[in-house]
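Q: give the three-dimensional model of this entry:
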Amino acid sequence: MSWKATALSTSVVLADPAGVNRIAALSELPLRTASGTVVRLRQVANVTEEPSEVELDRDDLRQDVIVSARLEGRDLGSAMKEIRDKLSQDKWLPPGTVEYGGLYEQQQESFHNLLMVLLAAILLVFTVLLIEFRSFNEPVAIVFGAILAMVRNGWRVVDYGNHVKHCFIFGAIIGVGIVAKNGISCSISFNNWNRTAPS
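A: Residues are numbered from 1 along each chain as shown. Sure thing, here's the model as predicted:
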């Protein structure tokens with residue numbers, strides 16, 4: 001049975017098994033809505049019959065069940081946060097029995113990879129600055145300024161969706177290069193002015 005709803009709702013249906021042993025009988029099952037009106041199941045859902053599973057997937061003698069869903073009118077980040085909060089409150093689900101995959105897993109992997117790219121960019125920029133200035137003072141100051149700029153703007157996107165977080169990481173990677181370039185220019189200009197300034 002597949003059910004496509006326009007809003008989040010919870011329904012509990014109790015029926016006599018002998019009266020719903022056929023698809024046609026199940027489609028005529030009466031349901032009482034929140035407003036008190038009675039509708040048939042076929043009016044709010046598509047009832048289909050599928051063959052039983054021939055092969056069961058198990059992991060450590062525990063059956064694996066795949067649950068899929070499609071979001072409408074919700075972003076993936078907030079929906080997954082709500083799902084994880086709801087499932088964490090279920091005492092019947094031991095820790096580690098639920099794994100999240102699909103698009104959410106792909107986004108988490110890409111976010112992790114972008115973080116690795118950001119760390120590599122910071123390390124490479126610091127190495128280039130060491131070669132450029134041949135000292136630790138200027139590279140540490142420039143990289144520290146870039147990190148402060150990321151921290152200042154990064155805390156604002158903690159509660160936003162994955163799309164905003166990915167955009168922030170992209171901007172941070174580009175920002176490290178821009179800050180390093182500006183830092184090199186400012187340091188060179190300051191050193192030149194310091195050498196030519198009258199004592």
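Q: tell me how this protein divides into domains.
A: 1-50, 102-196 (automatic domain parsing).
Q: among those, which is nearest residue 66?
A: domain 102-196 (9.5 Å; Cβ to Cβ). Placement of C-beta: from N, CA and C, glycine included.
Q: next, the distance between the ends of that closest one.
A: 62 Å (Cα to Cα, to the nearest Å).
Q: pick the most buried one from the domains of the chain.
A: Here the criterion is mean neighbour count by mean count of other Cβ atoms under 10 Å, and of those the winner is domain 102-196, at a mean of 14.
Q: so how far is it off the chain centroid?
A: 22 Å (Cα atoms, centre = their mean, to the nearest Å).
Q: any regions of the chain where pLDDT drops low?
A: The chain contains residues with pLDDT under 70 at 1-21, 51-62, 152-165, 197-199.
Q: ranges for the helices of it?
A: Here the chain has its helices, by DSSP state H, at 23-27, 41-44, 76-88, 102-133, 137-154, 162-196.
Q: would you mind giving these as TSV with distance to residue 33 added?
A: Below are those laid out as TSV (distance: least, Cβ to Cβ, whole Å):
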stretch	distance to residue 33
helix 23-27	17
helix 41-44	9
helix 76-88	23
helix 102-133	31
helix 137-154	46
helix 162-196	35
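Q: out of those helices, nearest to residue 34?
A: With Cβ to Cβ as the criterion, residue 34 lies closest to helix 41-44 of the helices of the chain, at 12.3 Å.
Q: other SSEs contacting the closest one?
A: helix 23-27, strand 30-32 (3 or more Cβ pairs under 8 Å, 6 or more residues apart in numbering; DSSP states H and E).
Q: residues contacting residue 74?
A: By Cβ atoms under 8 Å, 6 or more residues apart in numbering, the contact set of residue 74 is empty.
Q: distance of it relative to residue 82?
A: Remark: distance between residue 74 and residue 82 (Cβ to Cβ, to the nearest Å) = 9 Å.
Q: next: residue 26.
A: For residue 26 relative to residue 82 (Cβ to Cβ), the value is 30 Å.
Q: next one: residue 38
A: Relative to residue 82, and taking Cβ to Cβ, residue 38 is found at 30 Å.
Q: check residue 188 too.
A: Distance from residue 188 to residue 82, by Cβ to Cβ: 52 Å.
Q: related to what we said a few turns ago, so for residue 134, which of the helices and strands packed on helix 41-44 sits nearest?
A: strand 30-32 (77.1 Å).
Q: tell me which strands the closest one pairs with, and in which orientation.
A: If you go by DSSP bridges, strand 30-32 pairs up with strand 38-40 (antiparallel).
Q: and the contacts of the strand it pairs with?
A: Contacts for strand 38-40 (Cβ under 8 Å, 6+ apart): 27-33.
Q: adding distance to residue 78 as columns, could you present the residues you listed in TSV?
A: TSV is the format used below for the contacts of strand 38-40 (distance: Cβ to Cβ, whole Å):
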residue	distance to residue 78
27	34
28	37
29	33
30	35
31	29
32	31
33	27
